[in-house]
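sharing a model prediction with you, sequence too.
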Amino acid sequence: MTASRRLQVLVAGSSARTYGGIPAMQRLLEKWVPDDVELHVHATFTEGGAATRLRQSVVGVGGAVLSLLTRRIDVVHVNLSKKASVLRKGVILAVARARGAATVVHAHAGLFLDWFDGLPRPAQRLVRRLLVADRVIVLNEEVRDGYARRLGVPAERMVMMTNPVEWPATVPARDGDGPVVAAFLGALREKKGVFDIVRAVALLPAEQRERLRVVAAGHEDPAPLRAAIREAGVGDAIEVSGYLGPDERDALLARAQILLLPSHAEGLPMSVLEAMAWGLTPVVTPVGGLPALIRDGDTGVLVPVADAEALATALGKLLVDDTCRHAIGARAREDVRGYAADAWAARLADLWRSLAGVTV
C-alpha cells in the first residue's frame, strides 16, 4: 500500500477524559499524531460506578467492532491494562485479525504480570489466545521479558517504546529560601506509596518539616489519606488535592521542586516524566522502568519500596541542600528531552505504517 490515502488506525483503551497514565498518553497521541494518520478512537473504559463502566465497555467494544466490520481499518492498537481490560481488548483483537487488520497490543499495567501469574492455568491459556498480536509494545526490558515468557511472544514481535511527555519550552527559575513544594501525582492508595510519604514526613526533624509543603493530588477517595495525615500529625506539611487536569497539573509542577512517587509497582509513570520535563527532582522507588530512567543521585533519587525511613532521609537531604536539589532537577529535565510527545507519536506512526505496508 502507498501513502495515497490516510492510514486508518483504530485505537481502543481508557477514555482520554478520565484519570491515569493511559488517558494522559491518549491525549498526547490525539494531539501529536501525524497528519497522514486518521485515528478512530473507541473508549472502552471510564471512571464511575459499575453501571457506568459496563455501559462504556459495551459502547466502546461495540463501536470498535462496528468500525472494523463497516470500514477499512489498517491497524488496530489496543491499550492494555489487566483484568477486564484483557477481555475487552481480546474481543477487538479477534475481530481485527478476522478482518485482516494489523494488530498492536500496548502493554501499560505495572501489575499485569503479577495478575497473570495468579490466574489458574486454563485462564492463562485463554489470555494468551486473546492477546495474540503482530506487535506487543512494552515500556522496558524487564516487562518485555515478562510478557515474552508469559504470553509466548516471539522476540521479533516485541517493541520497546517509552511513554511520551509534553515538553514545556521554559520552566521557572527555582531558587530562594522559601518553602519547598513536593508534589505527589497519582491514585491516593497504599500501592502508590502516598501513605509512605505521610509516614516519612512524620519522621522529619521539625526544622525540615517546617520548610516542606507536600501537595498530594490524585483521584480516588481522599478520606483515608486525610485520616492518616491527621493521625500522624503532619497536616501542617501535607495538603490533599483532588484530581488535577492538565492545566492545574502544570501549574503545580511549575511551583514544585520535588516529585514524590514511592510507588510499590509501576510501568513507566507519566507523572515522573512530566515532573522531570518541568525540572523537578524525582524521588521514586526502583520499580518497573524507573531504574532505567533515573540515575540515583544524578537525575533523581531512588529509595527502597515501603521504607519510610529511607524516604525521610532522602527528602531531608534535598530540603537542606538547595544547590543539589536544583542541579538534579536541571539534569532530569535535560535527560527526558528525548521523550517529547511529538517524536514519540512519530515513532509510533512509523510502526503502524510498517505493519500496514505504507511508505511515506
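Great, that's in hand.

which parts of this protein are strands?
In the chain, the strands defined using DSSP state E lie at 7-14, 37-45, 75-80, 102-107, 135-138, 158-160, 180-185, 212-217, 238-241, 258-261, 281-284, 301-302.

need these in CSV (columns: distance to T313).
Bear in mind the C-beta positions are built from the backbone N, C-alpha and C, glycine included. Compiled in CSV, those are given as follows (distance: least, C-beta to C-beta, whole Å):
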stretch, distance to T313
strand 7-14, 36
strand 37-45, 39
strand 75-80, 37
strand 102-107, 34
strand 135-138, 33
strand 158-160, 33
strand 180-185, 15
strand 212-217, 14
strand 238-241, 18
strand 258-261, 14
strand 281-284, 11
strand 301-302, 10
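
dump those strands into TSV; add distance to P205, mean pLDDT and mean neighbour count as well.
Formatted as TSV, those follow (distance: least, C-beta to C-beta, whole Å; pLDDT from 0 to 100; neighbours: other C-beta atoms under 10 Å):
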stretch	distance to P205	mean pLDDT	mean neighbour count
strand 7-14	42	96	24
strand 37-45	44	96	19
strand 75-80	44	96	27
strand 102-107	43	96	24
strand 135-138	42	94	23
strand 158-160	43	93	15
strand 180-185	14	97	24
strand 212-217	11	97	21
strand 238-241	16	96	18
strand 258-261	17	98	26
strand 281-284	18	98	27
strand 301-302	18	98	22
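
for the chain, give me the ranges with low pLDDT.
1-4, 109-110, 176, 360 (pLDDT under 70).

which helix in the protein runs the most residues?
Assignment by DSSP state H gives helix 50-70 as the longest helix of the chain.

out of the strands of the chain, which gets nearest to A123?
strand 75-80 (15.9 Å; C-beta to C-beta).

same for the closest one, what does it pack against?
Helices and strands touching strand 75-80, by 3 or more C-beta pairs under 8 Å, 6 or more residues apart in numbering; DSSP states H and E, are strand 7-14, helix 21-32, helix 84-98, strand 102-107, helix 341-356.

how far off strand 102-107 does that strand point, in degrees?
Calculated by axes from the mean of the first three to the mean of the last three C-alpha atoms, to 10 degrees, strand 75-80 forms an angle of 20 degrees with strand 102-107.

only alpha carbons, please: show strand 75-80 as CSV.
Provided in CSV are the C-alpha atoms of strand 75-80 (Å, rounded to 0.1, in the frame of the first residue of the first chain):
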residue,chain,number,x,y,z
VAL,A,75,-4.1,-1.1,12.1
VAL,A,76,-5.8,-1.8,15.5
HIS,A,77,-3.9,-0.5,18.5
VAL,A,78,-5.2,-1.5,21.9
ASN,A,79,-4.0,-0.1,25.2
LEU,A,80,-3.9,-3.0,27.7
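
just checking the distance from it to the centre of its chain.
16 Å (C-alpha atoms, centre = their mean, to the nearest Å).

ok, stretch 247-254 next?
Its chain's C-alpha centre and that of stretch 247-254 lie 17 Å apart, by C-alpha atoms, centre = their mean.

show me which residues of that stretch are buried.
For stretch 247-254, burial by neighbour count (16 or more other C-beta atoms under 10 Å) applies to 249, 252-254.

can you list the residues that contact that stretch?
168, 171-172, 181, 183, 185, 215, 217, 244, 259, 274-275, 278, 280 (C-beta atoms under 8 Å, 6 or more residues apart in numbering).

one more time with 7 Å, if that's ok
Stretch 247-254 is contacted by residues 172, 183, 185, 215, 217, 244, 274-275, 278, 280 when judged by C-beta atoms under 7 Å, 6 or more residues apart in numbering.

which one of those residues is nearest T359?
Closest to T359, out of all of these and judged by C-beta to C-beta, is E274, at 34.3 Å.

tally of neighbours for the closest one?
Using other C-beta atoms under 10 Å, E274 is surrounded by 27 other residues.

and it, how far is that from S67?
31 Å (C-beta to C-beta, to the nearest Å).

picking up where we left off before, mind putting the buried residues of stretch 247-254 into TSV with distance to D342?
Formatted as TSV, those follow (distance: C-beta to C-beta, whole Å):
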residue	distance to D342
R249	19
L252	24
L253	19
A254	21
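
list just the nearest of these to M270.
Of all those, M270 sits closest to R249, with 10.1 Å by C-beta to C-beta.

and the gap between the residue nearest to A202 when sequence neighbours are not counted and D298?
Counting by C-beta to C-beta, 6 or more residues apart in numbering, the nearest residue to A202 once its immediate chain neighbours are dropped is A232, at 4.3 Å. For A232, the distance to D298 (C-beta to C-beta) stands at 31 Å.

more neighbours, those two?
More neighbours surround A232 than the other of A232 and D298, with 17 against 12 (other C-beta under 10 Å).
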